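[1] got a structure for you, letters missing:
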């Protein structure tokens, strides 16, 4: 037991220690004799001795660093059906940390699949079902610098919010650690339960680690309103990685959330996917699959500087090869892979140019990335993403009109200032050198120069792999420019390409028309 408490204390040192966590001991049950500050759930009753409700009350009375383990007799899964809301955690103001460990129930199995290996083979044995209209785990903040709350190895449904953070902007806050849970689905992760959740997780004025790079930390968050992030501040650290969000446990079928991830208010401390320094093999372990939802990622807060959305699959299955679209029957007006309505703040950065930082955004029943009509100050800087085979448009400034034609001098306004895309006039390849002649019809008064021109492998007039960037100076504004660029060896032979233009202050255009060297051999379904 002392080793478990020591590990829990180390979590405060996130993120450097997080990656070094040892997997929990699945199926270990409750220690005997019970150490101080450890409470055992030994039955499925709603209240009374041995119940989850009583364990939460006892933890609150004891204060300090506590653990709730499970050892309910009998084989198979165990369902705790609640008649009312669970007790508020830390109502006494004396709890410094709490671990609720569903993995401790005998028969529990930790997931062993990485994101590159498939869905989840987790086997949770504890299911907590609410009566609807109440919260699941929620806490009252405290006079301590930070309360550390860890929930793992549980299946939960039937709550307004299964796991709730702090809803008020108090100086003291929590660190929420959510590992290996099935939030919103049946306990086997294959279906929508009769009593549905509201939000799977609601992160308020908290720090949070939702999932992780180790297989046992990956969550399934589906058939809910998804993950909501509200009321954040610039000092928050919120990481969402390695999860299946909107699919079933196999990562191949939809179990829709309304939003996969809903970033409201300040999202400057949020990372969805891999780190900003590049997605290596460890970064692949950070990949979220955000598919099957009405909207994959909704960016609607005002503080997006520092927001990272990198290395995710949005609209595909776990392999990235089969469609599991975000979008519903209301498309295209109410769905997208990524919906940006940032209220005029700094452009949201989506993707990146380091290895693996680009997202795969494909097959959605709506635009890949869109700033919706009526939100004319929205802005996003898309970098290195593979965006293709989305309905309506891959990158759009409107739900209804598809690609918007360039206008003379780029004087129109709206999402991303409706930045004009490059017009490709000629192109040729010699060895690994691409020579391309293009122009961008944007007056210097209508964009911040130089423009960054990004070239991608053509995939159905959207983008496949990122190729190379060029800089389009103010002296070339509206004029043809010829550039010779070195292509990565992995892109050869190059059949075709598309390009986008992004202003120096981060406003990206839609994709250009594709330039195909030999259309007979063009792979239109890359």
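    Yes, it's here. Everything numeric here is computed off the predicted structure, so don't read it as measured data.

[2] so the closest residue to residue 104 other than its chain neighbours, which state does it fall into?
    In space, and not counting its chain neighbours, residue 104 is closest to residue 69: 4.1 Å by CB to CB, 6 or more residues apart in numbering. (C-beta placed from N, C-alpha, C; glycine too.) Secondary structure for residue 69, judged by DSSP: H, G, I helix; E, B strand; the rest coil, is strand.

[3] shouldn't residue 69 be in contact with residue 29?
    Yes - using CB atoms under 8 Å as the test, residue 69 is close enough to residue 29 to be in contact (6.9 Å).

[4] tell me which of those two has more neighbours.
    residue 69 (24 against 16; other CB atoms under 10 Å).

[5] which residues does that one contact?
    For residue 69, the contact set (CB atoms under 8 Å, 6 or more residues apart in numbering) comprises 28-31, 38-41, 101, 104.

[6] which residues do residue 69 and residue 29 both contact?
    Shared contacts of residue 69 and residue 29, defined by CB under 8 Å, 6+ apart, are found at residue 104.

[7] what pLDDT does residue 341 get?
    Residue 341 is assigned 81 on the pLDDT scale.

[8] the one 5 residues further on now?
    The pLDDT attached to residue 346 in the predicted structure is 77.

[9] kindly report the same for residue 150.
    So, for residue 150, pLDDT stands at 97.

[10] could you find the closest non-adjacent residue to it?
    Counting by CB to CB, 6+ apart, the residue nearest residue 150 is residue 177, at 4.1 Å.

[11] quickly list what the one you found is bridged to.
    Under DSSP bridges, the beta-bridge partners of residue 177 are residue 150, residue 209.

[12] hang on, it packs against residue 147?
    No - Residue 177 is beyond contact range of residue 147, at 11.4 Å (criterion: CB under 8 Å).

[13] okay, and the helix or strand of this protein with the least pLDDT?
    Of all helical and strand segments in the chain, the minimum by mean pLDDT, DSSP states H and E falls on helix 2-10, at a mean of 34.

[14] next structured bit after that one?
    Note on helix 2-10: by DSSP states H and E, the next helix or strand toward the C-terminus is strand 38-41.

[15] report all helices and strands that that following strand contacts.
    Strand 38-41 makes packing contacts with helix 52-62, strand 64-70 when contacts are defined by 3 or more CB pairs under 8 Å, 6 or more residues apart in numbering; DSSP states H and E.

[16] and residue 334, how many neighbours does it have?
    Applying other CB under 10 Å, we find 16 residues neighbouring residue 334.

[17] begin at 613, not 1, for the rest of this chat.
    Taking 613 as the first residue, the last one we looked at is residue 946.

[18] so who does it touch?
    Going by CB under 8 Å, 6+ apart, residue 946 touches 906-907, 940, 978.

[19] buried stuff in the lengthiest strand in the chain?
    Of all the segments of type strand in the chain, defined by DSSP state E, the longest one is strand 1074-1084. If you call a residue buried by 16 or more other CB atoms under 10 Å, then strand 1074-1084 has these buried ones: 1074-1076, 1078-1082, 1084.

[20] can you check stretch 680-690 too?
    Quick answer for stretch 680-690 (16+ other CB under 10 Å): 680-684, 689-690.

[21] widest-spaced pair of those?
    Spatial extent of the buried residues of stretch 680-690 (CB to CB) is set by the pair 680 and 689 at 17.9 Å.

[22] for the stretch 863-1012 of the chain, which segments count as strands?
    871-875, 882-885, 901-902, 907-911, 920-922, 925-926, 948-952, 960-963, 972-974, 981-982, 992-995, 998-1000, 1007-1008 (DSSP state E, counting those that start in this stretch).

[23] now those strands as JSON lines including distance to residue 724 and mean neighbour count?
    Formatted as JSON lines, these follow (distance: least, CB to CB, whole Å; neighbours: other CB atoms under 10 Å):
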{"stretch": "strand 871-875", "distance to residue 724": "24", "mean neighbour count": "29"}
{"stretch": "strand 882-885", "distance to residue 724": "21", "mean neighbour count": "26"}
{"stretch": "strand 901-902", "distance to residue 724": "17", "mean neighbour count": "32"}
{"stretch": "strand 907-911", "distance to residue 724": "26", "mean neighbour count": "29"}
{"stretch": "strand 920-922", "distance to residue 724": "25", "mean neighbour count": "28"}
{"stretch": "strand 925-926", "distance to residue 724": "20", "mean neighbour count": "31"}
{"stretch": "strand 948-952", "distance to residue 724": "29", "mean neighbour count": "31"}
{"stretch": "strand 960-963", "distance to residue 724": "29", "mean neighbour count": "27"}
{"stretch": "strand 972-974", "distance to residue 724": "24", "mean neighbour count": "29"}
{"stretch": "strand 981-982", "distance to residue 724": "33", "mean neighbour count": "30"}
{"stretch": "strand 992-995", "distance to residue 724": "33", "mean neighbour count": "25"}
{"stretch": "strand 998-1000", "distance to residue 724": "28", "mean neighbour count": "27"}
{"stretch": "strand 1007-1008", "distance to residue 724": "37", "mean neighbour count": "26"}
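
[24] just send those strands back as TSV, with distance to residue 825 too.
    Conversion of the strands of the stretch 863-1012 of the chain to TSV gives the following (distance: least, CB to CB, whole Å):
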stretch	distance to residue 825
strand 871-875	18
strand 882-885	11
strand 901-902	15
strand 907-911	20
strand 920-922	14
strand 925-926	16
strand 948-952	23
strand 960-963	19
strand 972-974	19
strand 981-982	26
strand 992-995	22
strand 998-1000	22
strand 1007-1008	29
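
[25] to residue 1125, which of those lies closest?
    Once these are compared by CB to CB, strand 1007-1008 is nearest, at 13.3 Å.

[26] ok, then the element right after the closest one?
    Next along from strand 1007-1008, by DSSP H and E: strand 1035-1042.
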